[in-house]
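> Test case, fold it:
(chains A, B, C and D)
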Number of protein chains: 2
Amino acid sequence: MLIGMLAARKNPKRRATRLRDPERTRERLLQAASREIYRSGFQSASIDTILASAGVTKGALYYHFENKEALGYAVVEEVISADVRGTWVRPLRSVKDPINALIGIVQRLSVRPEDVCGGCQLNNLAQEMSPLDAGFRKRLETIFDAWREATASVLRQGQIHGSVRRDVETTDAAGLL
Amino acid sequence: MLIGMLAARKNPKRRATRLRDPERTRERLLQAASREIYRSGFQSASIDTILASAGVTKGALYYHFENKEALGYAVVEEVISADVRGTWVRPLRSVKDPINALIGIVQRLSVRPEDVCGGCQLNNLAQEMSPLDAGFRKRLETIFDAWREATASVLRQGQIHGSVRRDVETTDAAGLL
DNA sequence: ATTAGCATACATACCAGTCTGTATGTTAGA
DNA sequence: TCTAACATACAGACTGGTATGTATGCTAAT
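As a prediction, the model looks like this:
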């Protein structure tokens, strides 16, 4: 064993940036988990598949996350939340014509099928997990509320500029989804 | 063991009408599977839960269906298909005002939350299984096509009667979902 | 008596999660 | 400054539980 340890010594220089990069490892886990959860749903998402996709092992996963549930929560809070913000909330800030802006986003989503259900991933997960897990429901609702608030805000802005009629829009935006 | 077997003899009389009714058994399995699949999705649907809900055992299930996949296919082809026909296709046959008829169906669905996602079960299953399983995709598409054809037909009828404008409606009806 | 219809016990595989070990980074003391 | 001691980050075997699917036996019905 001592001999094995000595023989197992790798060249220690460089690759130090590849190895021992916890933030990168954690991010890879989150991305891999997000993809797998999107493909199979949370319950059917296999930990081993996520690990293979991320290129790490169980030790790494359970060092960064307490359990599968915590991993799922982190995916919602960090990956999905960031995606929604990036594709919906941010483009809607300081825009004049909200109707055309919304149409533009939808059209852009339709072109890239990857992003299509990246937005729908919120809805898919909600359909699957909201009735079963309060933690998921809370987090998904938070994201959904943020999205609704963003669209409502831009619609209000459109009312000021006169390009949107004066009706109830906040709840209407929710009803659309 | 022989003694135990003899001791395990139950009173054999009556319930003969309950026992040995293969069609009823098969139907109970389909209904229970449909409920469980709606609740948890197909992949996460537990066979044991379905069996408990149906009140039968594995032997009965695997006598009537080859495996879980075949059970799922049968649910799509028989239960879901019949539901869609019952709530959508049939009410649309020989109707004069298609717009009001469609609105009426949707309103009726909104009242009964059980039927709401009985219709959406088609969509949910498609979301989950279409990318993963060609068999599911084919069967679900068949049902969807039938529904689309029915709505398109009634819209065409409405065009003749003058209550619907002359635009492209067949593809429009598909786009709505 | 034979078989269709079903129950029960079991085989097998997979899954999340744990445990132990180990290599690497960091810090404190001599 | 060198190193011992510790903390961090990760690997991989292992375990208990649960899942689907199977093998076999019993029984009602024809």
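
> alpha carbons only for contacts and neighbour counts from here, please
Will do.

> Lowest mean pLDDT among the helices and strands, pick that one out for chain A.
Sorting the helices and strands of chain A by mean pLDDT, DSSP states H and E puts helix A:2-7 at the bottom, at a mean of 29.

> what number of residues lie near the one residue in chain A that gets nearest to chain B?
Residue nearest to chain B within chain A: A:S44 (6.3 Å; CA to the nearest CA). By other CA atoms under 10 Å in any protein chain shown, 14 other residues sit near A:S44.

> and it, what does it touch?
A:I37, B:Q43, B:S44 (CA atoms under 8 Å, 6 or more residues apart in numbering or on different chains).

> do A:I143 as well
By CA under 8 Å, 6+ apart, A:I143 lies in contact with A:S81, A:V84.

> That one sits in which helix or strand?
Using DSSP states H and E, A:I143 sits in helix A:134-161.

> Let me know how buried the closest residue to A:K68 other than its chain neighbours is, in neighbour terms.
Beyond its immediate neighbours in the sequence, the residue positioned closest to A:K68 (CA to CA, 6 or more residues apart in numbering or on different chains) is A:I47, lying 7.7 Å away. The tally of other residues near A:I47 (other CA under 10 Å) stands at 18.

> for A:G59, same thing?
Neighbour count of A:G59, defined by other CA under 10 Å: 9.

> how far away is it from DNA strand C?
Distance, A:G59 to DNA strand C, using CA to the nearest atom of the strand, to the nearest Å: 5 Å.

> Do a quick rundown of the helices in chain A.
For chain A, the helices defined by DSSP state H cover A:2-7, A:22-44, A:47-54, A:58-64, A:68-74, A:81-84, A:90-92, A:98-111, A:113-129, A:134-161, A:170-176.

> mean pLDDT for these: which is lowest?
Mean pLDDT is lowest for helix A:2-7 out of the helices of chain A, coming in at a mean of 29.

> Chain B contacts on chain A?
Counting by CA under 8 Å from any CA of the partner chain, chain A comes close to chain B at A:S40, A:G41, A:Q43, A:S44, A:N124, A:E128.

> Count residues in the vicinity of A:A74, would you?
A:A74: 18 surrounding residues under other CA under 10 Å.

> Same question for A:N100.
Neighbours of A:N100 (other CA under 10 Å): 11.

> got it, and A:G41?
A:G41 has 22 neighbours, counted by other CA under 10 Å.

> Then the one 4 residues further on?
A count of neighbours around A:A45, defined by other CA under 10 Å, yields 19.

> How about the one 10 residues further on?
Using other CA under 10 Å as the criterion, A:G55 is surrounded by 12 other residues.

> likewise A:T25?
By the criterion of other CA under 10 Å, A:T25 has 19 neighbours.

> Over to the one 5 residues further on?
When counting by other CA under 10 Å, one arrives at 22 neighbours for A:L30.

> Surely it and A:Y73 touch.
No. A:L30 lies out of contact with A:Y73 (CA atoms under 8 Å); the separation is 10.1 Å.

> separation between A:V164 and A:L92?
15 Å (CA to CA, to the nearest Å).

> Would you mind telling me which of those two has the busier surroundings?
A:L92 (21 against 17).

> tell me the contacts of the residue lying closest to A:G72 once chain neighbours are set aside?
Spatial nearest neighbour of A:G72, excluding adjacent residues (CA to CA, 6+ apart): A:F42 at 7.2 Å. Counting by CA under 8 Å, 6+ apart, A:F42 makes contact with A:E36, A:G72, A:L125, A:E128, A:M129.

> sorry, back to before: figure out which of the helices of chain A is closest to B:V56.
Proximity to B:V56 (CA to CA) singles out helix A:22-44 among those, at 25.6 Å.

> does any part of that closest one sit near DNA strand C?
Yes. Shown here: helix A:22-44 in contact with DNA strand C (CA under 7 Å from any atom of the strand) through A:Q43, A:S44.

> No more questions from me, cheers.
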